[in-house]
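Chemist: Please find the sequence and the predicted model below.
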Amino acid sequence: MGSKADLIVGLQWGDEGKGKIVDHMAQSYDYVCRFAGGHNAGHTIVIDGRKYALHLIPSGVLNLKAKNIVGNGVVLSPKDFIKEMMQFDDLEGRLFLSDKAHVLLPYHAHIDQAREQMKGDKAIGTTGKGIGPAYGDKVARHGHRLGEILDPEKLTEKIVEYFALNKPLFNAMGVAAPEKEVLLAEIQSYKEVLGKYITDTTQMMWHILDEGKTILLEGAQGTMLDIDHGTYPYVTSSSTVSAGACIGLGINPKDIGKVTGIAKAYCTRVGNGPFPSEDKGQEGDLLRKNGHEFGTTTGRPRRCGWFDAVAMRHAVRINGVDQVALMKLDVLDGLKEVKVCVAYEVDGKEIHYVPYDLEDVKPLYRSFPGWEKTEGIRVFDDLPDTAKSYIEALEEMIGTEVGIISTSPEREDTIIR
Ligand code: GDP
Ligand code: IMO
Ligand code: MG
């Protein structure tokens with residue numbers, strides 16, 4: 001009997017708390033798989049007060065019984081990946097890297113940073129890790145796949161040739177060509193460490209599905225950062241929505257089981273671009289302070305605001321969400337009033353969907369009474385009545401059940417309804 005793969009996906013602009021829920025759920029899965037993004041992601045997991053920051057290694061790694069797959073849809077920086085691997089000393093036999101994942105090299109980060117600088121105040125506010133240029137090379141068909149690092153001489157030749165062909169472009173950006181000998185040594189060192197983990201993960205996915213293994217697919221970033229369905233061009237360069245899991249792992253839509261969408265009880269965004277329910281005042285500052293809203297990957301302060309039910313309905317539909325995990329409810333503790341964006345106003349007209357451009361929409365809010373304390377609560381019935389009413393109103397607005405509620409960063413401070 002075959003199985004289906006369950007999926008975790010971010011419903012806002014990233015940093016919703018995916019890492020905590022993947023780790024929590026990974027306790028009962030055989031495999032955890034990443035399908036998109038790169039080390040732009042930062043997934044934080046807290047176990048017994050100890051904090052782990054994961055970027056590309058699937059968040060199942062903290063469960064010794066789970067095996068971890070990094071699919072073809074990701075861009076992988078060998079240098080950063082190896083650094084991340086050093087946190088763990090027992091990865092052999094439980095980490096598998098797709099030979100078709102694309103390689104992100106230091107020059108991609110240089111190009112990313114140079115482009116952002118050239119854009120000035122129109123910059124996207126990327127993580128500067130080289131994600132856009134690496135995916136750009138993939139789509140333009142001059143990228144390099146991870147399998148190629150198994151032949152360092154050949155890959156070095158190709159990269160040197162690529163730089164020679166594009167010399168004027170790189171000169172204009174101030175990006176230096178890598179030196180051949182240095183590059184070769186670098187790729188050889190990558191092969192030495194990563195070689196034994198590289199495999200055909202597509203065949204592996206089919207095999208474990210056929211065997212009936214339990215599989216969890218871990219999304220990165222969030223729906224509003226999706227290259228097609230987010231706030232383009234202020235997005236990342238991959239398909240972050242649930243459909244991206246099929247492309248990024250070589251499985252088909254019928255292989256997908258239950259979809260859990262992760263959302264904060266409020267909203268944040270890091271980087272530039274439209275954010276209709278942003279609160280630039282004192283309450284936004286308070287959310288940032290109480291929620292420790294500073295990026296895991298770049299340390300940047302996150303922009304904060306209110307739960308956006310319009311964008312959430314968009315995300316629920318696109319991802320086929322079966323249940324929502326509502327995160328960081330405790331961050332709203334102590335507020336007199338909690339706001340929710342229930343509609344947008346565009347050119348004096350009220351709309352209830354996400355339009356082509358979110359730049360000039362005005363949020364229309366509904367207010368809810370606040371509550372004293374939810375922090376650490378593990379049973380739904382123990383929540384204050386006003387918090388329960390808030391959650392039930394959100395369910396009504398987004399048309400999906402809130403099956404999981406998180407009340408602190410700790411693995412166990414989680415309500416399963
Ligand atoms: P991800 O990128 O979606 O995995 O989320 P991040 O790890 O970047 O950001 C979420 C942050 O919120 C992390 O620092 C988590 O430890 C923290 N966190 C997760 N759930 C909760 C919660 O319910 N309450 C509080 N206060 N913090 C949480
Ligand atoms: P996780 O998985 C939040 C944002 C960047 C920027 C835009 C493009 O932790 O939720 P990029 O470097 O990808 O080209 O940047 O996307 N971004 C994220 N924001 N969480 C993330 O990942 C993000 N990954 C990228 O801030 O606005
Ligand atoms: Mg994050």
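Modeler: Done, it's in. Numbering: from 1, shown residues only. Ligands and ions are numbered 1, 2, ... in the order given.

Chemist: show me where this protein has helices.
Modeler: Along the chain, the stretches classed as helices by DSSP state H are 18-26, 78-85, 106-119, 131-139, 152-165, 167-173, 180-194, 201-210, 243-249, 282-290, 309-319, 385-398.

Chemist: Rank the helices and strands of the protein by mean pLDDT and give me the bottom one.
Modeler: helix 167-173 (a mean of 88; mean pLDDT, DSSP states H and E).

Chemist: wait, Gly42 sits on Gly295?
Modeler: Yes: using Cβ atoms under 8 Å, Gly42 is in contact with Gly295, at 6.4 Å. To be clear about C-beta, it is placed using only N, CA and C from the backbone, and glycine gets the same treatment.

Chemist: what is in contact with those two at once?
Modeler: Asp15 (Cβ atoms under 8 Å, 6 or more residues apart in numbering).

Chemist: Look up how far Gly295 lies from the residue of the stretch 301-417 of the chain found nearest ligand 3.
Modeler: When scored by Cβ to the ion, the stretch 301-417 of the chain has Arg302 as its residue closest to ligand 3, at 9.4 Å. Counting by Cβ to Cβ, to the nearest Å, the separation of Arg302 from Gly295 is 6 Å.

Chemist: what separates the residue lying farthest from the centre of the chain from ligand 2, distance-wise?
Modeler: Farthest-out residue of the chain from its mean C-alpha position, per Cα atoms, centre = their mean: Glu181, at 35.3 Å. Glu181 sits 30 Å away from ligand 2, going by Cβ to the nearest ligand atom, to the nearest Å.

Chemist: mind listing what that residue touches?
Modeler: Contacts for Glu181 (Cβ under 8 Å, 6+ apart) come out as none.

Chemist: how close does it get to ligand 3?
Modeler: Between Glu181 and ligand 3 the computed distance is 37 Å (Cβ to the ion, to the nearest Å).

Chemist: how about Gly370, what does it touch?
Modeler: Counting by Cβ under 8 Å, 6+ apart, Gly370 has contacts 332, 334-338, 386.

Chemist: Excluding residues flanking it in the chain, which one is nearest it?
Modeler: Excluding the flanking residues, the one nearest Gly370 by Cβ to Cβ, 6 or more residues apart in numbering is Leu335, at 4.1 Å.

Chemist: Tell me the confidence at the one you found?
Modeler: Leu335 carries a pLDDT score of 97 in this model.

Chemist: now the helices of the chain as JSON lines including distance to Ile377?
Modeler: Formatted as JSON lines, these follow (distance: least, Cβ to Cβ, whole Å):
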{"stretch": "helix 18-26", "distance to Ile377": "15"}
{"stretch": "helix 78-85", "distance to Ile377": "33"}
{"stretch": "helix 106-119", "distance to Ile377": "42"}
{"stretch": "helix 131-139", "distance to Ile377": "37"}
{"stretch": "helix 152-165", "distance to Ile377": "53"}
{"stretch": "helix 167-173", "distance to Ile377": "52"}
{"stretch": "helix 180-194", "distance to Ile377": "43"}
{"stretch": "helix 201-210", "distance to Ile377": "36"}
{"stretch": "helix 243-249", "distance to Ile377": "32"}
{"stretch": "helix 282-290", "distance to Ile377": "16"}
{"stretch": "helix 309-319", "distance to Ile377": "23"}
{"stretch": "helix 385-398", "distance to Ile377": "9"}
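
Chemist: Which of these has the highest mean neighbour count?
Modeler: helix 18-26 (a mean of 25; mean count of other Cβ atoms under 10 Å).

Chemist: can you pull out the strands in the stretch 201-350 of the chain?
Modeler: Remark: strands assigned in the stretch 201-350 of the chain by DSSP state E, counting those that start in this stretch are 215-218, 256-264, 267-269, 303-305, 307-308, 323-327, 337-346, 349-351.

Chemist: just the stretch 1-150 of the chain next, same as before
Modeler: So, for the stretch 1-150 of the chain - with DSSP E, counting those that start in this stretch - the strands run 5-10, 31-34, 43-47, 50-54, 67-70, 75-76, 95-98, 102-103.

Chemist: Tell me which of these approaches ligand 3 most closely.
Modeler: It is, among the strands of the stretch 1-150 of the chain and with distance given as Cβ to the ion, strand 43-47, at 5.6 Å.

Chemist: Same question for the closest one: list its buried residues.
Modeler: Using 16 or more other Cβ atoms under 10 Å as the test for burial, strand 43-47 gives 43-46.

Chemist: Of these, which are in range of ligand 1?
Modeler: 43-44, 46 (Cβ under 6 Å from any ligand atom).

Chemist: a markdown table for these, including distance to Ser406 and pLDDT?
Modeler: Formatted as a markdown table, these follow (distance: Cβ to Cβ, whole Å; pLDDT from 0 to 100):
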| residue | distance to Ser406 | pLDDT |
| --- | --- | --- |
| His43 | 14 | 93 |
| Thr44 | 12 | 91 |
| Val46 | 11 | 90 |
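
Chemist: Looking at those, spot the one nearest Gly212.
Modeler: His43 (27.3 Å; Cβ to Cβ).

Chemist: hey, what's that closest one bridged with?
Modeler: Beta-bridge partners recorded for His43 (DSSP bridges): Leu54.

Chemist: how near is it to ligand 2?
Modeler: 6 Å.

Chemist: do Val9 as well
Modeler: 10 Å.

Chemist: Check Pro168 too.
Modeler: From Pro168 to ligand 2 the distance is 25 Å (Cβ to the nearest ligand atom).

Chemist: State the distance from that residue to ligand 3.
Modeler: Distance from Pro168 to ligand 3, by Cβ to the ion: 37 Å.

Chemist: Flag every residue of this protein that's near ligand 2.
Modeler: 10, 13-15, 40-43, 124-127, 129, 131-132, 220-222, 225, 236-237, 270-271.
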